[in-house]
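In: need coordinates for the following:
(one chain, ligands or ions: 2)
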Amino acid sequence: MITLTDITKVYKNGSLEVQALSPLNLQVDRGEFVAIMGTSGSGKSTLMNIIGCLDVPTSGSYNLDGEEVHTLNEDQLSRVRNQKIGFVFQSFNLLGRQTVLQNVMLPMMYAGIPRETGKERALELLERVGLKDRVKHRPTELSGGQKQRVAIARALTMKAPILLADEPTGNLDTKSSYEIMDLFKQIHAEGTTIVLVTHEPDIAEHADRVLLFGDGKLLKDTRKGSVSP
Ligand SMILES: Nc1ncnc2c1ncn2[C@@H]1O[C@H](COP(=O)(O)OP(=O)(O)OP(=O)(O)O)[C@@H](O)[C@H]1O
Ligand SMILES: [Mg+2]
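Out: Numbers count the residues shown, from 1 in each chain. Ligands and ions are numbered 1, 2, ... in the order given. As a prediction, the model looks like this:
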């Protein structure tokens, strides 16, 4: 599903260079639930942004569900992002001027899905995440956990095969965090491939595989049930 080959990322600001990712090889199969952990600055978000086609690597190749991502132009990348990837961020990234319903409908509008079809699907998803009674509210009128549930509904609208989440529970209390993790588990059980960054071991525990990053390198790759050396 995701194959990264010799991926590197170097950020350049004037004469300052930061090697955010050292040559990285990684494969994630369809249906996996992967957690990414590691210290602050170890390259986790950099990796997620590359996987999510929000950023391009400095070198290396990336195959996503059969598409050679490194060869695509901007328009093709937007299409891949829209169709293949749902992204959930720590800071929710909802549009404040739009209602909950409009936020969830947005990816479908971009995809040219007819308004009524989009609205119907958005309402279904909002019901699923328990927010049917908040569809006309604006994000500022919601709690953190509710905002994140809107973001998850939005990430599911295009039925993308991959759901990426960068510290989705980082701004939430324990109870909301567990509600969000329950949703991720259901979504995974339905066949979606999930890659999730977290600092919290009890959140990572829900995954089948844990990748540990340090200083731009993959230090450890542990699968549930396997004993690490
Ligand atoms: N736009 C940028 N320009 C320059 N350097 C950057 C940029 N984005 C990230 N970096 C650097 O790249 C390295 C990796 O950053 P990244 O955001 O991937 O870390 P992270 O593992 O997600 O950390 P955190 O747990 O704090 O979110 C860091 O040293 C960071 O300072
Ligand atoms: Mg980060």
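In: please count neighbours and contacts with C-alpha atoms only from this point.
Out: Noted.
In: show the pLDDT at the residue nearest the centre of the chain.
Out: Central residue check for the chain by CA atoms, centre = their mean: the C-alpha nearest the mean position is that of L164, 1.7 Å away. L164 is assigned 98 on the pLDDT scale.
In: got the contact list for the helix or strand containing F87?
Out: Under the criterion of DSSP states H and E, F87 resides in strand 85-89. By CA atoms under 8 Å, 6 or more residues apart in numbering, the surrounding residues in contact with strand 85-89 are 52, 148, 151-152, 154-156, 158, 160-168.
In: now the end-to-end length of stretch 211-221.
Out: 5 Å (CA to CA, to the nearest Å).
In: I meant stretch 60-68, not that one.
Out: With CA to CA, one end of stretch 60-68 sits 11 Å from the other.
In: so what touches that stretch?
Out: Applying CA under 8 Å, 6+ apart, the set of residues contacting stretch 60-68 is M1, I2, T3, L4, T5, D6, I7, T8, P23, V69, H70.
In: can you put those residues in JSON lines and add distance to ligand 1, neighbour count and pLDDT?
Out: Output for the contacts of stretch 60-68, formatted as JSON lines (distance: CA to the nearest ligand atom, whole Å; neighbours: other CA atoms under 10 Å; pLDDT from 0 to 100):
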{"residue": "M1", "distance to ligand 1": "22", "neighbour count": "16", "pLDDT": "95"}
{"residue": "I2", "distance to ligand 1": "18", "neighbour count": "18", "pLDDT": "97"}
{"residue": "T3", "distance to ligand 1": "19", "neighbour count": "19", "pLDDT": "98"}
{"residue": "L4", "distance to ligand 1": "16", "neighbour count": "20", "pLDDT": "98"}
{"residue": "T5", "distance to ligand 1": "18", "neighbour count": "16", "pLDDT": "97"}
{"residue": "D6", "distance to ligand 1": "17", "neighbour count": "16", "pLDDT": "97"}
{"residue": "I7", "distance to ligand 1": "13", "neighbour count": "21", "pLDDT": "97"}
{"residue": "T8", "distance to ligand 1": "11", "neighbour count": "24", "pLDDT": "97"}
{"residue": "P23", "distance to ligand 1": "14", "neighbour count": "16", "pLDDT": "97"}
{"residue": "V69", "distance to ligand 1": "20", "neighbour count": "19", "pLDDT": "94"}
{"residue": "H70", "distance to ligand 1": "19", "neighbour count": "18", "pLDDT": "89"}
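In: give me the angle between the helix or strand the residue nearest to the centre of the chain falls within and strand 85-89.
Out: Following DSSP H and E, the helix or strand that holds L164 is strand 162-166. Interaxial angle of strand 162-166 relative to strand 85-89 (axes from the mean of the first three to the mean of the last three CA atoms, to 10 degrees): 20 degrees.
In: strand 162-166 vs ligand 1: in contact?
Out: No - against ligand 1, strand 162-166 shows no contacts by CA under 6 Å from any ligand atom, the least distance being 8.1 Å.
In: how about the CA coordinates for that strand, as PDB?
Out: The C-alpha coordinates for strand 162-166 follow below in PDB (Å, rounded to 0.1, in the frame of the first residue of the first chain):
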ATOM      1  CA  ILE A 162      -5.500   5.200   4.000                       C
ATOM      2  CA  LEU A 163      -6.100   7.200   7.100                       C
ATOM      3  CA  LEU A 164      -3.200   9.300   8.400                       C
ATOM      4  CA  ALA A 165      -3.300  10.900  11.800                       C
ATOM      5  CA  ASP A 166      -0.600  13.100  13.300                       C
END
